[in-house]
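> Here is my input, please return the structure:
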Amino acid sequence: MTSQALPLTVVLLHLLSTTTATTTTTKSIFWPDFQLFNVKETLEGIKIKPKPGHQELLKNHNGSETEKKWEIKLDHRDKLPSNNRFHNHSHRFHSRMERDVRRVAFLVRRLSCCGVTNYKEEDFGSEVVSGMDKGSGEYFVRIGVGSPPRSQYMVIDSGSDIVWLQCKPCSQCYKQFDPLFDPTASASYTGVSCSSTVCNRIENYGCHAGRCWYEVMYGDGSYTKGTLALETLTFGQTVVQDLAIGCGHMNQGMFTGAAGLLGLGGGSMSFVGQLGGQIGGAFSYCLVTLGTRASGSLVFGRRALPVGAAWVPLVRNPQYPTFYYVGLSGLGVGGIRVPISEDLFQLTELGTGGVVMDTGTAVTRLPTVAYQAFRDTFIAQTANLPRASGVSIFDTCYELSGFIDVRVPTVSFYFKGGPILTLPASNFLIPVDEIGTFCFAFAPTASGLSIIGNIQQEGIQISFDGANGFVGFGPNTC
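Predicted structure coming up:
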């Protein structure tokens, strides 16, 4: 990952920082903070282009045992070689929004209802939230699995506590880009016995011929079922041995070419949880903006934690320890804080509400009351821009086909403890077609749950220090 100075459009400020103001020649009006948004460049970047063949997406940084830093290239799903079915950006956009609606509906059901689910013995399964719900995995990495390592595309998911991939023999498998992983061809593959403590760490497990079996059900009826095993994963020159993974022999769903999922959640069975002290509970990622040629990165280890980031405390939800909650206190437009009650973003004692950071959700969701105030403030400060009809889940859109660039107000997240994250315009004004229709990339939800989606996270280095309970923003970009 390349380190560079943070551009002017991504600014991390303290609450006490001052804002600049200008006045018009006719009235004494306070003009809010703004930035120039390059419309022409953005439209050029979203054009559907031929995809090159895949390349290895691994990099290793040597260091001492306590200073390991494992870096993997991180690419958006639309860069996957097999994902070339879209005719134009409008088609790609609507497909992404359909996935997003399903993802959010499942998150809301999972995190706004009833805490721990009670299963009957015959149910045998664990309902787990995943970015792969109905193919909604948005970002992929390529890692080596087994000995010798076989390269596989894996979806990353901050809302999942399991690592799994499709395996031979497969009685029911979806189409993936790489050949199916064959456990019999791996010298390091070891099945987990039913009496193993590893098996007991699965929320709901079964036993077949003395081997531990797992089953993960997703919100749309998609699933993966198979054997729990210990296997070796390879990241460049770094080899991780005896990692508990699910070897799926029955899998169903629209998983768009990936072999499986790399769970990065806060639970003990996620990739981060299993490595524990080896990486000090720390990892960092930078998600690239759709349409850019650059790749993002996923880095593990305490050396991944940057100097100069703005650190915000993580909020623990005992009901759902998998998910990364943050303390959001407000929203800003044009350097002015929107009058919204902080209570709208509070995590309740029952474990409902709150604000989750999620790699599998694209568009940030806000409680309806907060969204409406936020949106109306943005509309008031963009009255000079021509409006367009709503598109998909968006009700605030603009017709910018005749512009090279436009002036738009800044949009900011106010976090508890002081830091303010001010987004680049490309993180809140996104194209929905190739002719110049752009929409305000936020949406309301009737539930009390807020979700910070990956569109709003794009281009900003985001670091998790699980050992100390913090998430950091910046200072690097991608």
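
> I'd like to know how far the closest residue to Ser412 other than its chain neighbours sits from Phe428.
Spatial nearest neighbour of Ser412, excluding adjacent residues (Cβ to Cβ, 6 or more residues apart in numbering): Gly332 at 3.7 Å. (Each C-beta comes from the backbone N, C-alpha and C, glycine too.) As for Gly332, its distance to Phe428 is 12 Å (criterion: Cβ to Cβ, to the nearest Å).

> Show me what the closest residue to Val315 other than its chain neighbours bridges to in the sheet.
Spatially, and ignoring its direct neighbours in sequence, Val315 is nearest to Tyr325 (4.0 Å; Cβ to Cβ, 6+ apart). When assigned by DSSP bridges, Tyr325 has beta-bridge partners Val315, Val356.

> what's the answer for Tyr223, then?
Met217, Gln252.

> show me what contacts it?
125, 215-217, 250-253 (Cβ atoms under 8 Å, 6 or more residues apart in numbering).

> That one and Arg201, how far apart?
20 Å.

> and for Gly332 and Phe428, which residues touch both?
Val411.

> quick one, phi psi at the closest residue to Gly327 other than its chain neighbours?
The spatially closest residue to Gly327, leaving aside those adjacent along the chain, is Lys416, at 3.5 Å (Cβ to Cβ, 6+ apart). The phi and psi values for Lys416, taken as degrees, to the nearest 10, are phi -60, psi 140.

> try the one 10 residues further on
Ser426 has phi and psi values of phi -70, psi -10 when expressed as degrees, to the nearest 10.

> residues contacting the closest residue to it other than its chain neighbours?
Spatial nearest neighbour of Ser426, chain neighbours left out: Thr289 (5.7 Å); criterion: Cβ to Cβ, 6+ apart. Residues counted as contacts of Thr289 (Cβ under 8 Å, 6+ apart) are 45, 426-427, 458-459.

> Would it be right to say that Thr289 lies in a strand?
No - using DSSP: H, G, I helix; E, B strand; the rest coil, the secondary structure at Thr289 is coil, not a strand.

> so what's it scoring on pLDDT?
The score at Thr289 is 76. That number is its pLDDT.

> Is the residue nearest to Thr382 when sequence neighbours are not counted in a helix, a strand, or coil?
In space, and not counting its chain neighbours, Thr382 is closest to Val408: 6.3 Å by Cβ to Cβ, 6+ apart. What three-state DSSP gives for Val408 is strand.

> Tell me what Val408 is bridged to.
Following DSSP bridges, Val408 is listed with bridge partners Gln35.

> how about it, what does it touch?
Going by Cβ under 8 Å, 6+ apart, Val408 touches 34-37, 382, 385, 425, 429.

> which of these tops the neighbour count?
Counting neighbours by other Cβ atoms under 10 Å, Leu429 comes out on top of the contacts of Val408 with 25 neighbours.

> My guess is that one contacts Thr437. True?
No - with contact defined as Cβ atoms under 8 Å, Leu429 does not reach Thr437; the gap is 10.8 Å.

> who touches both of the two?
Here Leu429 and Thr437 have Tyr398 as joint contacts, going by Cβ under 8 Å, 6+ apart.

> Confirm that Gly280 sits in a strand.
No - note on Gly280: no strand contains this position according to three-state DSSP, which reports coil.

> got a pLDDT number for it?
90.

> cool, and Met254?
Looking at Met254, its pLDDT is 56.

> rewinding a little: for the residue nearest to Thr382, give its distance to Val39.
As judged by Cβ to Cβ, Val408 and Val39 stand 10 Å apart.

> now swap in Gly390 and tell me
To Val39, Gly390 is 19 Å away according to Cβ to Cβ.

> Looking at those two, which one has more neighbours?
Between Gly390 and Val39, counting by other Cβ under 10 Å, Val39 is the more crowded of the two (21 against 13).

> ok, the residue nearest to Gly327 - contacts?
By Cβ under 8 Å, 6+ apart, the contact set of Lys416 is 312-313, 327-329.

> Likewise for Thr224?
The contact partners of Thr224, by Cβ under 8 Å, 6+ apart, come to 164, 166, 214-216, 246, 248, 250-251, 260.

> Name the nearest of those residues relative to Arg102.
For those, the minimum distance to Arg102 (Cβ to Cβ) is 16.1 Å, reached by Val216.

> That closest one contacts Asp161, doesn't it?
No - taking Cβ under 8 Å as the definition, Val216 is not a contact partner of Asp161, at 9.8 Å.

> hang on, the earlier thing: tell me the most packed of the contacts of Tyr223, by neighbour count.
Within the contacts of Tyr223, neighbour counts (other Cβ under 10 Å) peak at Val216, which reaches 27 neighbours.

> Wait, a strand at Glu41?
No - counting by three-state DSSP, Glu41 falls outside a strand, being helix.

> where do the helices sit along the chain?
Residue ranges of the helices in the chain, as given by DSSP state H, are 39-45, 89-111, 197-200, 271-275, 368-380, 454-457.

> If you average pLDDT over each of these, which is lowest?
Averaged per stretch, pLDDT over the helices of the chain is lowest on helix 89-111, reaching a mean of 79.

> quick revisit: between the helices of the chain, which gets nearest to Lys175?
Nearest to Lys175, of the helices of the chain and by Cβ to Cβ, is helix 89-111 at 16.4 Å.

> so Asp433 sits right up against His89, yeah?
Yes - Asp433 is in contact with His89 according to Cβ under 8 Å; the separation is 6.1 Å.
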